[in-house]
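> Mind looking at a prediction? Sequence and model below.
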Amino acid sequence: MKMSFEEFERQLAYGLSTYVPGGYLQMDEMNPIRLKARYHIGASLFIDIFYAIRTQKISFAVVQERERLFGIDNLGGWHCHPLGKPEDHKPIDEPSIEEIVSRCAIAIEAFRETG
């Protein structure tokens, strides 16, 4: 599904405020070609977010320090990088941005519980 830049931003804002409230969004790059952002949740815990309008590349990664804990992206088809095995690629159906953010929130809570 081709998504406009505005729709991506709308879904992202809704998902973050609904599923991961209390953080802050740092825009690293935002132009008509792509969006690169980091949503800070804690001192060293954040979600890296990338969206390229032309290629429709979407990538979300939950990161602690400099280590990816969990991720979802569509490079080579939709897949997730599961919590506990972030180097793996588990195929998934195309999710909405809201669903991606929700899955990131679930991974963050699971990580916090297990440390």
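Structure received.

> list the contacts for Leu25?
16, 37-40 (Cβ atoms under 8 Å, 6 or more residues apart in numbering). (Glycine included, C-beta is placed from N, CA and C.)

> Over to Leu69?
Applying Cβ under 8 Å, 6+ apart, the residues near Leu69 are 62-63, 83, 86, 107, 111.

> How about Met27?
35-37 are the contacts of Met27 under Cβ under 8 Å, 6+ apart.

> mean confidence for the helix or strand hosting it?
Take DSSP states H and E as the rule and Met27 turns out to sit in strand 24-30. Strand 24-30 carries an average pLDDT of 92.

> Can you name the next helix or strand after it?
strand 34-40.

> after that next one comes which helix or strand?
Once strand 34-40 ends, the next helix or strand along the chain (criterion: DSSP H and E) is strand 45-52.

> so Ser17, which of the three states?
Here Ser17 is recorded as helix under DSSP: H, G, I helix; E, B strand; the rest coil.
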